[in-house]
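Participant: Predicted model, plus sequence, below.
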Amino acid sequence: MIETWIEPAIEKRVQEVIGLCEEQTFQLNEEFNEILKKLKEVLPNNSRALILKLEDALIQNSINYADKCYRFGFEDALNLIYTSKR
């Protein structure tokens, strides 16, 4: 019964956490995007696909990182609650 609502609740919270992380790292993202823009201008056209792959990999890595961190924290909190009730 708990499993039917806990996974969607975790997913929702992970998305919220990702949004908060994006807000807090806005300046870094702007710098990164500016660097990518400059690289696109100076590199040959056939290298642009690599830049886009790099950008996509960084974004996906950040999403995965936030997801794992939230889930580990959630599990740690559950374990703490469980062990404190023993």
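Facilitator: Done, it's in.

Participant: which residues does the residue most central in space within the chain contact?
Facilitator: Centroid check for the chain by CA atoms, centre = their mean gives residue 63 as the closest residue, at 2.2 Å. Taking CB atoms under 8 Å, 6 or more residues apart in numbering, we find residue 63 in contact with residue 18. In this view, the C-beta of every residue, glycine as well, is placed from N, C-alpha and C.

Participant: heads up, I number from 53, so please use that
Facilitator: All right, first residue 53 from here; so that's residue 115.

Participant: Against residue 66, how distant is it?
Facilitator: 9 Å (CB to CB, to the nearest Å).

Participant: What of residue 136?
Facilitator: In this view, residue 136 and residue 66 are 25 Å apart by CB to CB.

Participant: More neighbours: which of these two?
Facilitator: residue 66 (18 against 7; other CB atoms under 10 Å).

Participant: which residues sit against the helix or strand harbouring the more buried one?
Facilitator: Assigned by DSSP states H and E, residue 66 belongs to helix 54-76. For helix 54-76, contacts defined as CB under 8 Å, 6+ apart pick out 81, 114, 115, 118, 119, 121, 122, 123, 126.

Participant: With secondary structure and pLDDT as added columns, please give the residues you listed in CSV.
Facilitator: Putting the contacts of helix 54-76 into CSV (DSSP: H, G, I helix; E, B strand; the rest coil; pLDDT from 0 to 100) gives the following:
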residue, secondary structure, pLDDT
81, helix, 88
114, helix, 87
115, helix, 89
118, helix, 89
119, helix, 90
121, helix, 90
122, helix, 90
123, helix, 89
126, helix, 90
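
Participant: ok, so of these, who is nearest residue 100?
Facilitator: Looking at these and their distance to residue 100, the nearest is residue 81, at 19.4 Å (CB to CB).

Participant: quick one, what contacts that closest one?
Facilitator: Here residue 81 is in contact with residue 74 (criterion: CB under 8 Å, 6+ apart).
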